[in-house]
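S.K.: Kindly return the folded structure for what I paste below:
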Amino acid sequence: MVMKVMQGIYNVKPPAPKYNNFWDVNEILKFLDWQANSETLFAKLSSKTVMLLALTFLCRVSELASISRDSIAFSSQGVKLSLTRPRKAQRQAALKVFSLRRLDPPIFTCPVVCLEAYVKASDVFRKNDQSLLFLATRSPFRSVGASTIGRWIKTLLAEAGVDTSVYSAHSTRGASASRAASAGVSVENILRSGGWASESVFVRHYRREVDSGREFATAVLQTA
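M.R.: Predicted coordinates for the structure are as follows:
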């Protein structure tokens, strides 16, 4: 009886999606592309790196906070890294390993180049027992959690002109996935990148129009 009542309520007033549309990823990339990573202050470099990884890996803030510093391996082609714990929807199998190619030609918003600069800068402050990638931007430079990373993202969004009274740090997933879908990336690729279990979840909660059959990161980071 209770189940029938709840189903009736759902049918009369189904839950509405949090966002009707998303901010334009291109505007964020333009905002980030003004200064060489080597000349950027550590605090700004931290938020820039977090943003670029959030957009290209479709990571939640908790997943960004769990990136292992020791797992990061750079090559002439790109970078590989892994998390220290399973993704939200992951029930079994090995920890997620992310790989990313360098953009060609290289630009200031290439996530690999930016991550290299961040690793070099953060390792100056890193202690031997700090296994997580992201550190606080002030002494004593402790490892940071999801709330701090979420604040970095939201601050950067606000600085770039996004209305953060509407959009949270989590909106990076929907904005990036919607941009990739509009650019022709297959649904299967998007679901795999975002760790979504089904297309229906992606369409219901994340697939939106953006205000204003390709490789995911390239499609997301290609500025107009």
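S.K.: In this structure, mark out all the strands, start to finish.
M.R.: 21-22, 73-74, 78-82, 97-101, 209-210 (DSSP state E).
S.K.: residue ranges with poor pLDDT in the chain?
M.R.: Applying pLDDT under 70 to the chain flags the ranges 1-20, 87-94, 194-219, 222-224.
S.K.: Spell out which residues sit in contact with the residue most central in space within the chain, please.
M.R.: By CA atoms, centre = their mean, the chain has its centre lying nearest to residue 54, at 1.0 Å. Shown in contact with residue 54 (CB atoms under 8 Å, 6 or more residues apart in numbering): 61, 64, 153, 169, 172-173, 176. Every residue, glycine included, has its C-beta placed from N, CA and C.
S.K.: could you redo the last one with a cut-off of 6 Å?
M.R.: Contact partners of residue 54, counting by CB atoms under 6 Å, 6 or more residues apart in numbering, are residue 172.
S.K.: one step back: is it possible to export the strands of the chain to JSON lines including mean neighbour count and distance to residue 131?
M.R.: As requested, these are exported to JSON lines (neighbours: other CB atoms under 10 Å; distance: least, CB to CB, whole Å):
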{"stretch": "strand 21-22", "mean neighbour count": "18", "distance to residue 131": "33"}
{"stretch": "strand 73-74", "mean neighbour count": "13", "distance to residue 131": "15"}
{"stretch": "strand 78-82", "mean neighbour count": "18", "distance to residue 131": "12"}
{"stretch": "strand 97-101", "mean neighbour count": "16", "distance to residue 131": "16"}
{"stretch": "strand 209-210", "mean neighbour count": "14", "distance to residue 131": "36"}
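S.K.: Rebuild these as JSON lines, extending it with distance to residue 220.
M.R.: What follows is those, written out as JSON lines (distance: least, CB to CB, whole Å):
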{"stretch": "strand 21-22", "distance to residue 220": "12"}
{"stretch": "strand 73-74", "distance to residue 220": "21"}
{"stretch": "strand 78-82", "distance to residue 220": "15"}
{"stretch": "strand 97-101", "distance to residue 220": "11"}
{"stretch": "strand 209-210", "distance to residue 220": "11"}
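S.K.: so which of the ones you listed comes closest to residue 134?
M.R.: strand 78-82 (11.9 Å; CB to CB).
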